[in-house]
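K.L.:
sequence plus predicted model, see below.
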Amino acid sequence: MMPIGQHMANLRRKGGLGKDPQRAETRAAQLAEIDPDWNCPWPLDWQRHYRVLGDLVDADGVLPHIAPGVIFEGDDVGKWRWRQQEPGTWKMLSAEQQERLTKLGIKTPEAPTPAPAPMPVTKGPSKAQQAFQRGLAALAQWVEREGHRPVPRGHSEPLGVEGEAEPVVVKLGVWVSNTKSRRDKLTAEELTALRDLGMEWA
């Protein structure tokens with residue numbers, strides 16, 4: 001038996017295709033022939049759900065209505081499908097992810113109706129919210145590369161951040177531990193995002 005999941009995780013790691021650049025390029029091309037998204041830039045969990053919906057569209061020509069609670073191979077694909085359309089989730093997706101969902105028939109979320117009375121100007125995300133989103137992005141990067149292996153307490157994850165010339169180092173092991181200890185203070189959306197990345201304690 002070939003542990004294909006672990007094998008693919010190893011190939012996605014830096015240097016996983018070998019030290020010889022020409023051989024690595026050949027191997028990458030061979031993998032792309034099998035699946036162009038073998039090393040997609042977004043979390044594998046997202047890609048897995050997307051492929052399930054893509055297969056349905058390929059089979060039927062249109063995306064059928066999938067209610068939350070519809071499970072496929074242990075994943076709630078219905079809940080995932082409708083969450084992608086939520087404005088907060090949609091904003092966090094890359095342009096290519098949004099384009100792929102649109103082609104499947106998942107519409108861009110409508111902008112909320114403006115309030116009738118003037119509202120005070122609200123500030124952007126708080127520092128705590130920004131720190132959570134950065135930690136979540138680092139965790140998604142870890143899961144994509146390492147699978148659902150526990151994050152060592154002392155591990156730091158370099159994360160590319162828009163507007164920053166150098167990668168930002170996230171103390172991911174400490175962040176996971178601290179987030180777990182204060183999980184009762186997290187929002188339902190934050191807990192769901194953590195569960196999607198395999199954090200069972202969420």
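P.N.:
Noted; the coordinates are in hand. Note that the coordinates shown come from a computational prediction; the quantities given were computed from them, not determined experimentally. Residues are numbered from 1 along each chain as shown.
K.L.:
apart from its chain neighbours, what residue comes closest to the residue most central in space within the chain?
P.N.:
The C-alpha lying nearest the average C-alpha coordinate of the chain belongs to Pro43 (C-alpha atoms, centre = their mean; 3.7 Å). Nearest in space to Pro43, with sequence neighbours left out and distances taken as C-beta to C-beta, 6 or more residues apart in numbering, is Ala140 at 4.3 Å. C-beta: built from backbone N, CA, C; applies to glycine.
K.L.:
in the protein, which spans are strands?
P.N.:
71-72, 75-76, 157-159, 168-170 (DSSP state E).
K.L.:
can you put those in TSV and add mean pLDDT and distance to Asp58?
P.N.:
Shown next, in TSV, are the strands of the chain (pLDDT from 0 to 100; distance: least, C-beta to C-beta, whole Å):
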stretch	mean pLDDT	distance to Asp58
strand 71-72	88	15
strand 75-76	88	18
strand 157-159	86	34
strand 168-170	86	37
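K.L.:
mind listing what the nearest residue to Glu146 once chain neighbours are set aside touches?
P.N.:
Spatially, and ignoring its direct neighbours in sequence, Glu146 is nearest to Ala9 (6.4 Å; C-beta to C-beta, 6+ apart). Residues counted as contacts of Ala9 (C-beta atoms under 8 Å, 6 or more residues apart in numbering) are 145-147.
K.L.:
can you list the domains in this protein?
P.N.:
4-34, 44-104, 127-196 (automatic domain parsing).
K.L.:
so for Ala202, which of those sits nearest?
P.N.:
Of all the domains of the chain, it is domain 127-196 that lies closest to Ala202, at 3.7 Å by C-beta to C-beta.
K.L.:
what about the residue nearest to the centre of the chain, distance to Asn178?
P.N.:
21 Å (C-beta to C-beta, to the nearest Å).
K.L.:
over to Val62?
P.N.:
45 Å.
K.L.:
now Leu17
P.N.:
Taking C-beta to C-beta, one finds Leu17 at 35 Å from Asn178.
K.L.:
who has more neighbours, these two?
P.N.:
The residue with more neighbours, out of Leu17 and Asn178, is Leu17; 20 against 12, by other C-beta atoms under 10 Å.
K.L.:
name the nearest residue to the more buried one, ignoring sequence neighbours.
P.N.:
Nearest non-adjacent residue to Leu17 (C-beta to C-beta, 6+ apart): Ala24, at 3.8 Å.
K.L.:
and for the one you found, the neighbour number?
P.N.:
15.
K.L.:
burial check on the closest residue to Lys180 other than its chain neighbours, number of neighbours?
P.N.:
Of all residues not flanking Lys180 in the chain, Trp201 sits nearest, at 5.4 Å (C-beta to C-beta, 6+ apart). Number of residues near Trp201 (other C-beta under 10 Å) recorded here: 11.
K.L.:
correct me if wrong: Trp201 contacts Arg183.
P.N.:
Yes. Between Trp201 and Arg183 there is a contact at 6.5 Å, judged by C-beta atoms under 8 Å.
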